[in-house]
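A.B. asks: starting from these lines, generate the structure:
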Amino acid sequence: MSTAFNTTTTPTGFAAVNDSVNELQTRAKAAYEKGTEAVGEATEFAKGNVEALVESGKILAGGVQDLGKSYVEEAKSAYETMTIDLKEMAAVKSPTELFQLQSKILRRNFDSLVATSSKNSEALVKLAGDAFAPISGRVNVAAEKLTKTA
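C.D. replies: Numbers count the residues shown, from 1 in each chain. Okay, the predicted model is just below:
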C-alpha cells in the first residue's frame, strides 16, 4: 500500500500565509513604536525628576547659606549686647541697681529669644516648603500620568 502526499500548493494558501505575515509585521511594528514611545516618555520623566532634585538641592543650599548668615549676624548682635551689658554691670553702684539691671537684661533677652526662635522657625518652614516644591511638582506629574493610564 502506498500513500501519496498531496504536495501541490494553491495560490489561496500562499495568499493566506502572506496576509498573516503582513498582519504580524504590522502588529510588530506598532508594538515596537509603542515601546519606543513608552521608553522615550519614561526617559523624559526620569530627566524631569533629576532636574527637580537638582533644583530642590539648589534651593536648599541657598536657604541653608542664608540661614547661616542670619545665625552669624544674630551671634554678633548677641555678643555686642552682652559686651554693653557687662559694661553697665561694672558701672552699677548698688545692689538695687544691679537687680533692676538684671531684670531689664532678662526681659530683653527673653523677648529676643522668643522673637529669634519664631523668626528662625518660620524661615526653616519656608525653606522646607520651597525646597520641596520642585519634588512636589514631579509627584503631581506622576499622579496625573497614573490617572491617565488607569
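A.B. asks: use CA for all of it now, contacts and neighbours both
C.D. replies: Will do.
A.B. asks: count the neighbours of L98 for me.
C.D. replies: Neighbour count for L98, taken as other C-alpha atoms under 10 Å: 16.
A.B. asks: now L53
C.D. replies: By other C-alpha under 10 Å, neighbour count at L53 equals 17.
A.B. asks: and for L113?
C.D. replies: The number of residues near L113, taken as other C-alpha under 10 Å, comes to 12.
A.B. asks: so which helix or strand takes in it?
C.D. replies: Using DSSP states H and E, the element containing L113 is helix 95-149.
A.B. asks: what is the mean pLDDT for that helix?
C.D. replies: Mean pLDDT, computed over helix 95-149, is 93.
A.B. asks: number the chain from 367, please
C.D. replies: Understood, numbering begins at 367; the last thing we discussed is helix 461-515.
A.B. asks: report the longest helix in this structure, please.
C.D. replies: With secondary structure taken from DSSP state H, the chain has its longest helix at helix 377-456.
A.B. asks: angle of that helix against helix 461-515?
C.D. replies: 180 degrees (axes from the mean of the first three to the mean of the last three C-alpha atoms, to 10 degrees).
A.B. asks: just to revisit the earlier point, show me what the helix holding L479 is packed up against.
C.D. replies: Judged by 3 or more C-alpha pairs under 8 Å, 6 or more residues apart in numbering; DSSP states H and E, helix 461-515 is in contact with helix 377-456.
A.B. asks: tell me which other helices or strands the longest helix of the chain touches.
C.D. replies: helix 461-515.
A.B. asks: element containing V458, please.
C.D. replies: Applying DSSP H and E, one finds V458 in no helix or strand.
A.B. asks: with adjacent residues omitted, what lies nearest to it?
C.D. replies: Spatial nearest neighbour of V458, excluding adjacent residues (C-alpha to C-alpha, 6 or more residues apart in numbering): L464 at 6.0 Å.
A.B. asks: this completes my enquiry, with thanks.
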